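S.K.: Predicted structure and sequence below. I'll ask about it afterward.
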Amino acid sequence: EVQLVESGGGLVQAGGSLRLSCAASGLIFDDYAIGWFRQAPGKEREGVSCISNSDGRTYYADAVKGRFTTSSDNAKNTVYLRMNSLKPEDTAVYYCAARSPMDLVHVPPPKEFDYWGRGTQVTVSS
């Protein structure tokens, strides 16, 4: 059974930083890409970043470029999302998801991902 478990969310002041983790099990980690998504109340789920575990290529949404960095530790089957210079508009539930690394050219839409975690809340106060 594939499982993705997010952790590291919390409450932080604007300008602060957080690091989210996505621990994966039940899959061959190197054969997947891991995406980070977020969903704020009343809004659609949006892509934040994606990393191919096979070759390390990364992709970011324009809203987070230069502030967020995704990385993977293949030995630990874990993907990270380092979030710096956080803004109140970054407040959301953050999810990680897994899909094939094939044909990645940007952060794919949610419908292209096969497995999802349950999410972790990030709240940025002003």
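M.R.: Sure thing, it's come through. Numbers count the residues shown, from 1 in each chain.

S.K.: Could you give the average pLDDT over stretch 22-32?
M.R.: Per-residue pLDDT over stretch 22-32 has a mean of 95.

S.K.: What of stretch 53-63?
M.R.: The pLDDT scores in stretch 53-63 average 95.

S.K.: where's it relative to the chain centroid, distance-wise?
M.R.: Chain-centre distance of stretch 53-63: 10 Å, with CA atoms, centre = their mean, to the nearest Å.

S.K.: And for that stretch, what's in contact with it?
M.R.: 29-34, 46-52, 68-72, 74, 79, 101, 104-107 (CB atoms under 8 Å, 6 or more residues apart in numbering). Where you see a C-beta, it was placed from the backbone N, CA and C, and this is true even at glycine.

S.K.: contacting residues around the nearest residue to Pro110 once chain neighbours are set aside?
M.R.: Using CB to CB, 6 or more residues apart in numbering and skipping residues adjacent in sequence, the residue nearest Pro110 is Arg45, 5.1 Å away. Arg45 makes contacts with 37-39, 95, 110, as judged by CB under 8 Å, 6+ apart.

S.K.: For Arg45, give its distance to Phe37.
M.R.: Look at Arg45 and Phe37: by CB to CB, to the nearest Å, they are 5 Å apart.

S.K.: before we move on, the earlier item: filter the contacts of stretch 53-63 down to the ones in strands?
M.R.: Counted as lying in strands by DSSP state E, out of these, are 33-34, 46-52, 68-72, 79.
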